[in-house]
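In: Generate a structure from the sequence data that follows.
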Amino acid sequence: MGEDLFDISLRHARATGDWSRVISHYVAVAKGDSAAFYLTHAYVHALEGADPRASDLRARLVALGAEAPEALA
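Out: Here you go, the predicted structure:
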């Protein structure tokens, strides 16, 4: 089974430490039924890398019902 362009590009971005690109890749494929799955990956990387997209990603996850609207205390 061959690798698709997404897998190759994602692996390269990870190998080179280009976390902004990793986030962008996950966001680009976050559609349909798998949107929450890919956005969660993007969100985790954004949090770990202090990427400014973290708050927007969290808002998208909340809108999908995949994240609690308010932080748990």
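
In: only C-alpha atoms for contact and neighbour calcs from this point on.
Out: Fine.

In: what stretches of this protein score poorly on pLDDT?
Out: Residue ranges of the chain with pLDDT under 70: 1-3, 71-73.

In: quick one: contacts for the most centrally placed residue in it?
Out: Geometric centre of the chain, nearest residue: residue 42, 1.5 Å, by C-alpha atoms, centre = their mean. Listed by C-alpha atoms under 8 Å, 6 or more residues apart in numbering, the contact partners of residue 42 are 22, 23, 24, 26, 27, 57.

In: Please identify the helix or strand for it.
Out: helix 35-48 (DSSP states H and E).

In: show me where this structure has helices.
Out: 5-15, 19-28, 35-48, 54-64 (DSSP state H).

In: Could you dump those helices into TSV with distance to residue 70 added?
Out: Listed next are the helices of the chain as TSV, based on distance: least, C-alpha to C-alpha, whole Å:
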stretch	distance to residue 70
helix 5-15	31
helix 19-28	22
helix 35-48	16
helix 54-64	9
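
In: Distance of residue 66 relative to residue 60?
Out: 9 Å (C-alpha to C-alpha, to the nearest Å).

In: Please verify my assumption that residue 23 contacts residue 48.
Out: No: between residue 23 and residue 48 there is no contact under C-alpha atoms under 8 Å: 10.9 Å.

In: Who has more neighbours out of the two?
Out: Taking other C-alpha atoms under 10 Å, residue 23 and residue 48 do not tie; residue 23 has more neighbours (26 against 11).

In: ok, so what distance separates the more buried one from residue 40?
Out: Applying C-alpha to C-alpha to residue 23 and residue 40 gives a distance of 10 Å.

In: of all the contacts of residue 42, which two lie farthest apart?
Out: The most widely separated members of those, counting by C-alpha to C-alpha, are 22 and 57 (13.7 Å).

In: Please work out how many residues are found near residue 50.
Out: Neighbours of residue 50 (other C-alpha under 10 Å): 10.

In: could you check the distance from it over to residue 24?
Out: According to C-alpha to C-alpha, residue 50 and residue 24 sit 14 Å apart.

In: Appreciated, that's everything.
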